[in-house]
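Undergrad: Got a sequence here, can you model it:
(chains A and B)
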Amino acid sequence: MGALVRGDLADRTDGLMRLFTILRLRLRSLLSRQSIDEELDEELRYHLERQIEVEIAAGRSREEARYSALRSVRDIEQRKEECRDMRGLNLIDNLAQDLRYAIRGLRRNPGFACLAVVVMALGIGANTAVFSVVNGVLLKPLAYRDPARIVTLSTIWRSGAKLSLAAFPDFRDWHDQSTAFSAMACYRSSDEPGMTGSSAEYVHVASVSEEFFETLAVTPVLGRLFSAEERKSGNSGKALISYSYWQSHFGGSDSVLGRQLRISGDSLTIVGVLPPRFHFPDTSDIWRPSDAVDRKHPRTSLSFHAIGRLKPGVSLEQAQAQLTSIAVRLQRQYPNSNKDRSVAVARMRDDMVSNVRLTLYLLLGAVCLVLLIACANVATLLLTKATDRTREIAVRVAVGARRSRIIRQLISESLLLAFVSGSGGLMVAIAGLKALIALAPADVPRLTEISIDGPVLAFTFTVSVLCSLLFGLAPALYASRVDSNDALKQGGTRSVASGRSSRLRSALVIAEIALSVVLLAGAGLLIKSFVALNNVALGFARSTCC
Amino acid sequence: MSKPTDLVQGTLDLLILKTIALEPMHGWAIAQRIRQMSGEVLQVGQGALYPALHKLEQNGWISAEWAVSENNRRARYYTLTKAGRQALKQEAAQWERLSAAISLIVRTA
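TA: Numbering: from 1, shown residues only, chains lettered A, B, ... in the order given. Below is the predicted model of the structure:
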């Protein structure tokens, strides 16, 4: 048994070594092509010389021997070609050739190339910009440890009303009576006048309960979190600041710990700095433990947000069930304040983005339609170009090019177009994204998490390739199906735009019109809803109210 | 250039592997040895031999090296690798099975 096992291991290492050898050979084939060609030449020449020697030894003259040997080695070039094929060199050669040809082709029609690139770049750019918003807001997990476990707790009523707030005493009871959470916290935040040194401004300040930072699993980059007494005391006089606040107001210096801030008249000592890009909730820059006033809020006052971190292994449904039964108990205990009141648990990210999810997906759908229209445009352009090239393609077919090779060459032209427009699209997206974020309404969550990162780049790349296939395939298939005889005849480039190509073109135009109509109709409806929303009677005269 | 028999590609691989199992050889010597050992029946031409050799090299079954040959000229010598030895055993067994089966059918009257 042992011998078998050992043999197996040896086999595997042999296999690995063989893999390395093969890889090394392939790499060498790729990189030192010229020396390999020369070696091949030399090898075949050696064989030839030996053959000639044999013929001479058999009594022929040198000339005859050479002639006979050469004859026996028909098509030396073809042999060499076969050898090179075996070494997989031809594929790379062909691709390189296709690329060079494609570049030349585009340079010959700069106007067409520019037009196609601009149209595609706009389409791809718009898509990339919207996708980065979708990615940043809807798809990316929250930037906390194990973010799927973080949940929000909202107060709901039997009538179906829901408020994403809680009463402090209710929160206390949920916290003390449930076992489904490893941490639970409540917080409130507001803009308050703050003074650091001599500058006074409004700062967003959050008052947070004891387990706030444990719920979010945040650790400070400098200093410490609040100590147990500070959290409980209700008048701690301590504060934590955000990373950006540290940079902007204290120059990122280590001496920040122990310095004082004045918030709404209270003097607070800074004990720690939180990690970069952490501003939860909203745009907070200062955090302080919730104070005595907070804790005295009655059960009727719903002024706090509540969050929790599920224990590992506890499901959302289990937590919900537990909290619901606690809420029922509270209903009985405090019939005045808690009548018909219960609690709803939802994952924090879902809760945060639910209001914009539909809108964002609709937006993504719309720009996809725009991109399709752009592709149809470019396909029409390419189709026109293809009919102009029937003669050139007919020549290539006559010389012996296989249809697949021609298709591959036409597709590589489309790929080149797509890559260039993809890069252009990226630049459009970068500019457009800045504009999008600036114009975004205030209640779009996670705006700061939107950026052009890995997934977005992958998206751009995929979209570019798909588009190139989309607008390149049909013209390529059409163009390569050329009847050499027809095309090479005298009136070569007359409209071989026979039924087939003009039908294709009509189809493309119809598709474009249809898509544009859909977009226009959708846009019109949205504008109408927007106007209607704006004009909804609020029930009070806005001008005299605020 | 092969006369009486047309060799199938796979069989040529087997012959090459077997020939260089004894000692490293260059292409010309391999063709000669195959001709001799088969009693002048199998004559492998340049056109079939070298593509086969290069394919075997790409597979990692044989390795190649430049060396000075018997007539003081440079030639490319091929050796069997460990994986190649393995492959030779397998291909030989395969061939035995195949040829036995064919003989069985052909010989029965």
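Undergrad: Domain ranges for chain A, per the record?
TA: A:1-30, A:32-87, A:109-140+A:355-545, A:160-339 (automatic domain parsing).
Undergrad: Let me have these in JSON lines, extended by distance to B:His54.
TA: Using the backbone N, CA and C atoms, a C-beta is placed for each residue, glycine as well. Supplementary listing: the domains of chain A in JSON lines, determined by distance: least, Cβ to Cβ, whole Å:
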{"stretch": "domain A:1-30", "distance to B:His54": "10"}
{"stretch": "domain A:32-87", "distance to B:His54": "4"}
{"stretch": "domain A:109-140+A:355-545", "distance to B:His54": "23"}
{"stretch": "domain A:160-339", "distance to B:His54": "57"}
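Undergrad: Lowest average pLDDT across those?
TA: With a mean of 64, domain A:1-30 has the lowest mean pLDDT of these.
Undergrad: circling back: the domains of chain A into CSV, with extra columns for distance to B:Ala21 and mean neighbour count?
TA: Shown next, in CSV, are those (distance: least, Cβ to Cβ, whole Å; neighbours: other Cβ atoms under 10 Å in any protein chain shown):
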stretch, distance to B:Ala21, mean neighbour count
domain A:1-30, 17, 12
domain A:32-87, 21, 15
domain A:109-140+A:355-545, 40, 16
domain A:160-339, 61, 17
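Undergrad: Quick one: closest of the ones you listed to B:Val44.
TA: domain A:32-87 (11.1 Å; Cβ to Cβ).
Undergrad: Let me have the domains of chain A in a markdown table, extended by distance to chain B.
TA: Formatted as a markdown table, the domains of chain A follow (distance: least, Cβ to the nearest Cβ, whole Å):
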| stretch | distance to chain B |
| --- | --- |
| domain A:1-30 | 4 |
| domain A:32-87 | 4 |
| domain A:109-140+A:355-545 | 20 |
| domain A:160-339 | 48 |
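Undergrad: Give me the secondary structure label for A:Ala183.
TA: Three-state call for A:Ala183 (DSSP: H, G, I helix; E, B strand; the rest coil): strand.
Undergrad: Could you name the helices and strands sitting against the host helix or strand of A:Cys114?
TA: Element membership for A:Cys114 (DSSP states H and E) is helix A:110-134. Counting contacts by 3 or more Cβ pairs under 8 Å, 6 or more residues apart in numbering or on different chains; DSSP states H and E, helix A:110-134 is packed against helix A:89-108, helix A:348-388, helix A:403-439, helix A:454-480.
Undergrad: How far away from the center of its chain is that helix?
TA: Between the centre of helix A:110-134 and the centre of its chain there are 16 Å (Cα atoms, centre = their mean, to the nearest Å).
Undergrad: Pairing partners for the next helix or strand after it, with directions?
TA: Once the chain leaves helix A:110-134, the next helix or strand it forms, by DSSP H and E, is strand A:150-157. In the sheet, strand A:150-157 lines up against strand A:162-163 (antiparallel), strand A:302-310 (antiparallel), strand A:341-347 (antiparallel) (DSSP bridges).
Undergrad: Strand A:150-157 to helix A:348-388, inter-axis angle?
TA: Orientation check (axes from the mean of the first three to the mean of the last three Cα atoms, to 10 degrees): strand A:150-157 against helix A:348-388 gives 110 degrees.
Undergrad: which residues sit in contact with A:Gly422?
TA: The contact partners of A:Gly422, by Cβ atoms under 8 Å, 6 or more residues apart in numbering or on different chains, come to A:Met120, A:Ala121, A:Ile124, A:Thr460, A:Phe461, A:Val463, A:Ser464.
Undergrad: 6 Å instead, please
TA: Applying Cβ atoms under 6 Å, 6 or more residues apart in numbering or on different chains to A:Gly422 gives the contacts A:Ile124, A:Thr460, A:Ser464.
Undergrad: try A:Val151
TA: Here A:Val151 is in contact with A:Gly308, A:Val345, A:Arg347, A:Met348 (Cβ under 6 Å, 6+ apart).
Undergrad: quick one: it from A:Ala129, how far?
TA: As judged by Cβ to Cβ, to the nearest Å, A:Val151 and A:Ala129 stand 31 Å apart.
Undergrad: Just give the number of residues close to residue 98.
TA: Just so you know, I chose chain A. 19 (other Cβ atoms under 10 Å in any protein chain shown).
Undergrad: wrong one, chain B
TA: 12.
Undergrad: pretty sure it belongs to a helix, no?
TA: Yes: with three-state DSSP as the criterion, B:Leu98 is located in a helix.
Undergrad: Report the distance from stretch A:345-365 to the chain centre.
TA: For stretch A:345-365, the distance to the chain centre is 17 Å (Cα atoms, centre = their mean).
Undergrad: Who are the packing partners of the helix or strand of chain B with the lowest mean pLDDT?
TA: Least confident helix or strand of chain B, by mean pLDDT, DSSP states H and E, is helix B:46-59 with a mean of 85. Applying 3 or more Cβ pairs under 6 Å, 6 or more residues apart in numbering or on different chains; DSSP states H and E, we find helix B:46-59 packed against helix A:76-86.
Undergrad: Run through who's touching stretch B:87-103.
TA: With Cβ under 6 Å, 6+ apart as the contact definition, stretch B:87-103 has outside contacts at B:Leu14, B:Leu17, B:Ala21, B:Trp61.
Undergrad: Most neighbours of all these, which one?
TA: B:Trp61 (25 neighbours).
Undergrad: Wait, it touches B:Gly84, no?
TA: Yes: applying Cβ atoms under 6 Å as the test, B:Trp61 and B:Gly84 come out as touching, 3.5 Å apart.
Undergrad: Break down chain B into its helices, ranges please.
TA: Along chain B, the stretches classed as helices by DSSP state H are B:9-22, B:27-37, B:46-59, B:82-107.
Undergrad: so of the ones you listed, which one's packed in deepest?
TA: Per-stretch averages of neighbours, counted by mean count of other Cβ atoms under 10 Å in any protein chain shown, single out helix B:46-59 among the helices of chain B, with a mean of 21.
Undergrad: That one to helix B:82-107, inter-axis angle?
TA: Put simply, helix B:46-59 runs at 130 degrees to helix B:82-107, going by the same axes, to 10 degrees.
Undergrad: Between helix B:9-22 and helix B:46-59, find me the angle.
TA: 70 degrees.
Undergrad: Figure out how far helix B:46-59 is from the centre of its chain.
TA: Centre to centre, stretch against its chain (Cα atoms, centre = their mean), the figure for helix B:46-59 is 10 Å.
Undergrad: so it versus helix B:27-37, what angle?
TA: Going by the same axes, to 10 degrees, helix B:46-59 makes 110 degrees with helix B:27-37.
Undergrad: Any chance you could give me helix B:46-59 in PDB, C-alpha atoms only?
TA: This file holds the C-alpha atoms of helix B:46-59, laid out as PDB (Å, rounded to 0.1, in the frame of the first residue of the first chain):
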ATOM      1  CA  GLN B  46      11.500  14.300 -44.100                       C
ATOM      2  CA  GLY B  47       8.000  15.600 -44.500                       C
ATOM      3  CA  ALA B  48       6.500  13.200 -42.000                       C
ATOM      4  CA  LEU B  49       9.500  12.800 -39.700                       C
ATOM      5  CA  TYR B  50      10.200  16.400 -38.600                       C
ATOM      6  CA  PRO B  51       6.700  17.500 -37.900                       C
ATOM      7  CA  ALA B  52       6.200  14.400 -35.800                       C
ATOM      8  CA  LEU B  53       9.500  15.100 -33.900                       C
ATOM      9  CA  HIS B  54       8.500  18.600 -33.200                       C
ATOM     10  CA  LYS B  55       5.100  17.600 -32.000                       C
ATOM     11  CA  LEU B  56       6.600  15.000 -29.700                       C
ATOM     12  CA  GLU B  57       8.900  17.700 -28.300                       C
ATOM     13  CA  GLN B  58       6.100  20.100 -27.700                       C
ATOM     14  CA  ASN B  59       4.300  17.300 -25.700                       C
END
